[in-house]
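Asker: Turn this into a model:
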Amino acid sequence: MNEQIKKKIELLAPGGDADSVKAAIYAGADAVYCGTGSFNARQRASNLTLQELEHLVHIAEQRNCRIYLTLNTLVFDHEIPDVLKLLENVYQVGIRTVIVQDLGLLHILKTYLPEIEVHASTQLTTHNEGQISFLSKSGVSQINLSRELSLSEIKPLCSVAHKNGIKIEVFAHGAFCVSFSGQCYMSTSLCGKSGNRGECVQPCRRQYLKKRSKNKTDLMTVFNLKDNCVFAEAEKLYNAGVDSLKIEGRIKKFFYVYNVTSAWREQIDALETGKKIRHNDNRLETVFNRKFTSGYMNGTI
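Answerer: So this is what the prediction gives:
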């Protein structure tokens with residue numbers, strides 16, 4: 001068995017409510033990302049109370065799973081006392097990893113709570129070597145790359161990150177944004193609800209423009225993107241050096257989380273033991289999807 005096969009890769013699953021977090025844990029996730037209260041990018045999710053979070057941290061520890069707290073929105077000056085209070089509370093219930101977008105919040109964390117591990121959210125739009133170097137110097141230990149990157153772009157960024165002691169995280173399943181990660185203002189412009197404040201109403205999913213397909217029978221919604229699914233290309237990402245495969249879906253419920261996470265658990269187990277991977281899994285088709293594509297990773301939209 002060569003060195004590549006020996007490498008472990010993290011399976012990172014979503015948890016929008018307590019049942020979804022439990023589903024992710026029991027389906028075999030190595031880590032679950034979830035939010036509580038304000039300052040997370042999915043205000044529409046149920047999110048967790050501090051009491052629920054404490055209970056879930058305990059369950060996760062029993063199954064060697066980690067809980068990552070999402071504080072991945074932009075923070076205003078007058079909100080900083082509330083953020084500090086929230087950080088104090090979540091630290092007391094066992095949170096040791098936080099996902100951030102705001103560079104000011106990153107500075108606060110590394111200055112006043114250096115024992116907390118900080119991960120860079122997809123909202124930071126990380127897509128080049130300079131950003132990775134900057135985030136490394138800022139104390140970030142794991143970066144979620146922009147989901148618009150291709151495999152040929154991801155591989156050299158993994159190499160740079162590893163030289164800087166940083167792990168690379170890539171979205172492997174779930175919804176795409178119509179714009180670059182963290183750089184969409186469509187919801188703000190149309191509805192006054194900012195995606196960078198956790199309020200995105202996903203206007204890009206509405207039916208604005210339709211046209212007939214080539215066979216003239218199907219009416220296609222042109223503006224809507226298909227969902228991301230790189231299940232068949234998992235080995236390519238593994239060999240490229242990706243350290244964490246992330247499932248999107250904190251608004252989805254436990255049935256979605258369990259099915260997608262369990263399918264990916266088996267796929268990653270196969271990768272790590274040198275077994276042949278599968279190119280599809282029926283569990284992925286049984287949950288909500290807008291049809292699948294691996295277009296971004298392969299360099300096409």
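Asker: For the rest of this, base every contact and every neighbour count on C-alpha atoms.
Answerer: Fine.
Asker: Tell me, please, where in the stretch 151-300 of the chain the pLDDT is lower than the cut-off.
Answerer: Where the stretch 151-300 of the chain drops to pLDDT under 70, the residues are 207-223.
Asker: C65 contacts A27, doesn't it?
Answerer: No - in this structure, C65 sits apart from A27 without contact. The criterion is C-alpha atoms under 8 Å, and the distance is 10.8 Å.
Asker: mind checking how far the longest helix anywhere in the chain is from the chain centre?
Answerer: For the chain, the helix with the greatest residue count under DSSP state H is helix 254-273. Relative to the mean C-alpha coordinate of its chain, helix 254-273 is positioned 15 Å out (C-alpha atoms, centre = their mean, to the nearest Å).
Asker: And stretch 170-180, end to end?
Answerer: In stretch 170-180, first residue to last residue: 14 Å (C-alpha to C-alpha, to the nearest Å).
Asker: For that stretch, buried residues please.
Answerer: Applying a neighbour-count criterion of 16 or more other C-alpha atoms under 10 Å, the buried positions in stretch 170-180 are V170, F171, A172, H173, G174, A175, F176, C177, V178.
Asker: TSV please, covering those residues and showing secondary structure.
Answerer: Putting those into TSV (DSSP: H, G, I helix; E, B strand; the rest coil) gives the following:
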residue	secondary structure
V170	strand
F171	strand
A172	strand
H173	strand
G174	strand
A175	coil
F176	coil
C177	coil
V178	coil
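Asker: from those residues, which is closest to R290?
Answerer: R290 lies nearest to A175 out of the buried residues of stretch 170-180, by C-alpha to C-alpha, at 8.3 Å.
Asker: Got phi/psi on that closest one?
Answerer: The phi and psi torsions at A175 (degrees, to the nearest 10) take the values phi -70, psi 150.
Asker: can you give me the strands for the chain?
Answerer: 10-15, 31-34, 66-71, 97-100, 117-120, 140-144, 167-174, 210-212, 219-221, 227-229, 244-247, 292-293 (DSSP state E).
Asker: from those, which stretch is densest packed?
Answerer: strand 10-15 (a mean of 27; mean count of other C-alpha atoms under 10 Å).
Asker: Now do that one against strand 167-174, angle only.
Answerer: Relative orientation of strand 10-15 and strand 167-174, computed by axes from the mean of the first three to the mean of the last three C-alpha atoms, to 10 degrees: 50 degrees.
Asker: Give me the contacts around strand 10-15.
Answerer: The list of residues contacting strand 10-15 from outside it, by C-alpha atoms under 8 Å, 6 or more residues apart in numbering, reads 20-21, 24, 29-35, 243-250, 257, 261, 264-265, 268.
Asker: again with stretch 105-114
Answerer: Contacts with stretch 105-114, where a contact means C-alpha under 8 Å, 6+ apart, come from V75, V100, I116, V118, S138, G139.
Asker: Dump it to CSV, restricted to CA.
Answerer: Below are the C-alpha coordinates for stretch 105-114, written out as CSV (Å, rounded to 0.1, in the frame of the first residue of the first chain):
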residue,chain,number,x,y,z
LEU,A,105,-13.5,38.2,13.6
LEU,A,106,-10.5,36.1,12.7
HIS,A,107,-8.2,38.6,14.3
ILE,A,108,-10.4,38.7,17.5
LEU,A,109,-10.4,34.9,17.7
LYS,A,110,-6.6,34.5,17.3
THR,A,111,-6.0,37.4,19.8
TYR,A,112,-8.4,36.6,22.6
LEU,A,113,-9.2,32.9,22.1
PRO,A,114,-6.0,31.4,20.5
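Asker: ok now it, how far from the chain's centre?
Answerer: Distance of stretch 105-114 from its chain centroid, counting by C-alpha atoms, centre = their mean, is 22 Å.
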